[in-house]
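Colleague: Sequence and predicted structure, then a few things I'm wondering about:
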Amino acid sequence: MQSFVTVSVNKEKINLLNFDRKGLQAFFAEIGEKPFRATQLIKWIYQEGEFDFDKMSNLSKSLRAYLNEHCCIVAPEIILEQVASDGTRKWIVEMGGGNKVEAVYIPEATRATLCVSSQVGCALACTFCSTAQQGFNRNLTTAEIIGQLMAANARMGAEGRVTNVVMMGMGEPLLNFDNVVPAMNLMTEDFAFGLSKRRVTISTSGVVPAMYRLTEVCDISMAVSLHASTDELRDILVPINQKYPLKELMAACKKYIEGSPRGFITFEYVMLEGINDSVADARALVKLLKNVPSKMNLIPFNPFPNTQYRCSSKAAIEQFRDVVHKAGIITTVRKTRGEDIDAACGQLVGKVLDKSRRAERLQKMGLLS
Ligand code: SAH
């Protein structure tokens, strides 16, 4: 498998992939360089794929020397690829120190979507999500987040370039705000990836204060993992609801929509048999979203080992969809992709962590060098 890293890791040096354009401008100001240097450097890195400072011909000789001495450009590496029968690819991305996350590439006729992780594991304990069972390890850096997109494009080449990004991999992006926002900025930055704000979506379980904060700095598309229309049920399925209940969440959604490029929020709703999938549930949902411009994305539940939930029947999903749809909310049922490689929503990383733990145990027992 093709390796992506071109510069060896040097912890002493500043990794320039951690800066968006503004951050890079501030960094250059500190070392007495003009702001336009930031644009030049970003073009070299993200448009030319050039990581060697000496080859960045429009930078001054002295700046190149400075960058060589103090800075580096280090992207994470894809260490494993699995390709599903439907063309979906799951990549295990190595973040150093045994930390691994997953990115999922989903090709369709007219677009290619990359599902990007924001944290190693997740601190939220959503009961229907397998990532939650892994616990939380650490936040990803901006370089590690944007690096997933760089790695995807390097792997797929011009033909398979990523056109859409969803922050729906492992982790809660809004709990890693300071690293996620610069990565989002690089995705939509003209001199970097130049993706439209409509094609970059942040997905949150509803970290209300961070949703407000986001309205002030970034106006990419927003998806909210709703899954229930009463606090009673949402408290169980998405426990962060105990802290930020539905009333507060809906108010934050409305505020976000005011400045959003799409004028609506996509609500995700995982279909759990006998839990949240009745006609009454659908009606309650319609009532909840009455004054919130929304699109609804119903997600068939993807099972994982030891889960207490089952996916709703096809008939129940269709009935639910029809009730919501007839009430005037555009409703789609998410097609499950990459099922045969455990790349579907909520299935990420379990097996790899299991393996690494097993290796650890074997090592302790002296059975593995
Ligand atoms: N923490 C963020 C982003 C990651 S989850 C969030 O909660 O939005 C991405 C989507 O997958 C969320 O809507 C999540 O609720 C959904 N999901 C999680 N586990 C799932 C499962 N087992 N089956 C189907 N969807 C799941």
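Modeller: Sure, I can see it. The shown structure was predicted, so the numbers you read here are calculated from the model rather than taken from an experiment. Residues are numbered from 1 along each chain as shown.

Colleague: all contacts plus neighbour counts: C-alpha atoms, from now on.
Modeller: Fine.

Colleague: Where do the strands of the stretch 251-369 of the chain begin and end?
Modeller: Here the stretch 251-369 of the chain has its strands, by DSSP state E, counting those that start in this stretch, at 265-271, 294-300, 330-333.

Colleague: in the shortest one, what counts as buried?
Modeller: Read that as strand 330-333. By 16 or more other Cα atoms under 10 Å, the buried positions in strand 330-333 come out as 331, 332, 333.

Colleague: Tell me who's in contact with residue 208.
Modeller: Neighbour list for residue 208: 244, 248, 249, 252 [criterion: Cα atoms under 8 Å, 6 or more residues apart in numbering].

Colleague: so what's the backbone phi/psi at the third one?
Modeller: So that's residue 249. Main-chain torsions, residue 249, degrees, to the nearest 10: phi -60, psi -40.

Colleague: where does this protein have low pLDDT?
Modeller: 1-11, 343-369 (pLDDT under 70).

Colleague: just checking, which of the strands of the stretch 251-369 of the chain sits deepest inside the structure?
Modeller: Most buried of these, by mean neighbour count (mean count of other Cα atoms under 10 Å): strand 265-271, with a mean of 23.

Colleague: Run through the residues that contact the residue nearest to residue 35 when sequence neighbours are not counted.
Modeller: What sits nearest to residue 35 in space, not counting adjacent residues and going by Cα to Cα, 6 or more residues apart in numbering, is residue 25, at 4.9 Å. For residue 25, the contacting residues are 34, 35, 36, 37, 38, by Cα under 8 Å, 6+ apart.

Colleague: Regarding residue 25, which helix or strand does it belong to?
Modeller: In the assignment (DSSP states H and E), residue 25 maps to helix 21-30.

Colleague: Now find how far off-centre that helix is within its chain.
Modeller: The chain centre lies 25 Å from the centre of helix 21-30; the measure is Cα atoms, centre = their mean, to the nearest Å.

Colleague: The following helix or strand past it - contacts with which helices or strands?
Modeller: Toward the C-terminus, helix 21-30 is succeeded by helix 36-42 as the next helix or strand (DSSP H and E). Helix 36-42 is packed against helix 21-30, with contacts defined by 3 or more Cα pairs under 8 Å, 6 or more residues apart in numbering; DSSP states H and E.

Colleague: Could I have the CA atoms of the helix it packs on written out in PDB?
Modeller: Provided in PDB are the C-alpha atoms of helix 21-30 (Å, rounded to 0.1, in the frame of the first residue of the first chain):
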ATOM      1  CA  ARG A  21      -4.500  30.600   6.500                       C
ATOM      2  CA  LYS A  22      -5.100  33.000   9.400                       C
ATOM      3  CA  GLY A  23      -3.100  30.900  11.800                       C
ATOM      4  CA  LEU A  24      -0.300  30.800   9.300                       C
ATOM      5  CA  GLN A  25      -0.400  34.500   8.800                       C
ATOM      6  CA  ALA A  26      -0.100  35.000  12.600                       C
ATOM      7  CA  PHE A  27       2.800  32.600  12.700                       C
ATOM      8  CA  PHE A  28       4.500  34.400   9.800                       C
ATOM      9  CA  ALA A  29       3.900  37.800  11.500                       C
ATOM     10  CA  GLU A  30       5.700  36.500  14.500                       C
END
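
Colleague: Show me what counts as buried in that helix.
Modeller: 21, 24, 25, 26, 27, 28.

Colleague: ok, now stretch 40-49?
Modeller: The neighbour-count check on stretch 40-49 (16+ other Cα under 10 Å) flags 40, 41, 42, 43, 44, 45, 46 as buried.

Colleague: Please identify which pair of those residues lies farthest apart.
Modeller: The largest distance within the buried residues of stretch 40-49, taken as Cα to Cα, falls between 40 and 46 and amounts to 10.3 Å.

Colleague: With respect to residue 76, which of the contacts of residue 25 is nearest?
Modeller: Distance to residue 76 across the contacts of residue 25 (Cα to Cα) is lowest for residue 38, with 21.9 Å.
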